[in-house]
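1. No sequence on hand, only this structure:
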């Protein structure tokens, strides 16, 4: 499968683009090699497609320029292959509220060649309708769960309180007005109400890519109070710049895409089966209360997951 095939899967299968629909492709000068094929696929389907290329943002969660945000409000479909994520921006949230179907594709890490290989052969090639069925089955299992405990052989042992908040599906399908997904898709996620324990991130972390050595975080009352290991100093600088909200445990996610694997590209890595991720920072867009211009996911591989004290076998849902 080539990049044109994956672009057509994104536009036709995942977003359900129809002839005549207003489709906006938001890209930037560093990820145009993904944005242009998606634009061409939308044109091939007969859409009123518009391609907008902006200066790359400086970090995930930073708002796009006002003209781009305005164009998003007037589009039926928005697909955003960009260097930094537009997922947790008000522009994305507001456009979904107006009925736009939106897929973000934050491609922060990776060379051009690696990104193109991932897009052509990785999580985008999954059977999205089968994956949606599996995600829905797991969602039914998780409804009403009060807490999750995550442990690993590397030392992760964290209790995450869910407080009755809603789990969200990222199925890779955005077929109804207001739907939102990542591409590739494939996860269940929630905004916790509290968390306590030790988190050892051994996969990809935020905009820093695949870690060569783990990052260890000590978490008390839902906030990071200590960081050591890979990129700990960088993280502390972010905390100083962003304020205390950046220390918030913002998300617990479970990877559900059987075709996804760890590339050092967070967009796909967080969807990989047999991983969980916990994020720091912004969660205002999916049921939380923290509104800072930062959302940094940390991938934990080979976790044991206990739901209200009972071990969850993720393999049954992949």
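-> Cool, the structure landed. Model, not experiment: these values are computed from the prediction. Numbering: from 1, shown residues only.

2. can we go C-alpha only for contacts and neighbour counts from here?
-> OK.

3. What is the burial count for residue 192?
-> When neighbours are counted by other C-alpha atoms under 10 Å, residue 192 registers 27.

4. quick one: contacts for it?
-> Taking C-alpha atoms under 8 Å, 6 or more residues apart in numbering, we find residue 192 in contact with 160-163, 165, 249-252, 288.

5. quick one: it from residue 302, how far?
-> Computed with C-alpha to C-alpha, to the nearest Å, the distance linking residue 192 and residue 302 is 21 Å.

6. Check residue 118 too.
-> Distance, residue 118 to residue 302, by C-alpha to C-alpha: 21 Å.

7. The two: who's more crowded?
-> residue 118 (22 against 15).

8. How about the more buried one: what's its closest non-neighbour residue?
-> residue 263 (7.6 Å; C-alpha to C-alpha, 6 or more residues apart in numbering).

9. returning to what we had before: now, of the contacts of residue 192, which are buried?
-> Among the contacts of residue 192, those that count as buried by neighbour count (16 or more other C-alpha atoms under 10 Å) are 160-162, 165, 249-252, 288.

10. Tell me the one among these nearest to residue 43.
-> Closest approach to residue 43 among those (C-alpha to C-alpha): residue 251, at 36.0 Å.

11. helices or strands up against whichever strand or helix holds that closest one?
-> Using DSSP states H and E, residue 251 sits in strand 249-255. Here strand 249-255 touches strand 187-190, strand 275-281, going by 3 or more C-alpha pairs under 8 Å, 6 or more residues apart in numbering; DSSP states H and E.

12. pLDDT score assigned to the residue nearest to residue 118?
-> Note on residue 263: pLDDT of 94.

13. how many neighbours does it have?
-> For residue 263, the neighbour count with other C-alpha under 10 Å is 20.

14. Distance of it relative to residue 26?
-> 23 Å.

15. Which parts of the stretch 151-300 of the chain are strands?
-> Under the criterion DSSP state E, counting those that start in this stretch, the stretch 151-300 of the chain contains strands at 157-161, 168-170, 180-182, 187-190, 194-201, 215-220, 223-229, 249-255, 275-281, 295-301.

16. What average pLDDT does the fourth one get?
-> pLDDT averaged over strand 187-190 equals 97, rounded to a whole number.

17. Okay, now the sheet partners of that strand, with direction.
-> Strand 187-190 has the following strand partners under DSSP bridges: strand 168-170 (antiparallel), strand 249-255 (antiparallel).

18. now that strand, how far from the chain's geometric center?
-> Centroid separation between strand 187-190 and its chain, computed with C-alpha atoms, centre = their mean, to the nearest Å, is 9 Å.

19. tell me what the lengthiest helix in the chain is packed against?
-> Using DSSP state H to define each element, the chain has its longest helix at helix 128-142. If contacts are counted by 3+ C-alpha pairs under 8 Å, 6+ apart, helix 128-142 sits against strand 168-170, strand 187-190.

20. same thing but 10 Å
-> When contacts are defined as 3 or more C-alpha pairs under 10 Å, 6 or more residues apart in numbering; DSSP states H and E, helix 128-142 packs onto strand 168-170, strand 187-190, strand 310-312.

21. Name the surrounding residues that touch the second one.
-> Taking C-alpha atoms under 10 Å, 6 or more residues apart in numbering as the criterion, the residues outside strand 187-190 that touch it are 131-132, 135-136, 138-139, 142, 162, 165-172, 181, 250-257, 270-273, 275-278, 283, 286-288.

22. let's see 7 Å
-> Residues from elsewhere that reach strand 187-190, judged by C-alpha atoms under 7 Å, 6 or more residues apart in numbering: 166-171, 251-256, 271.
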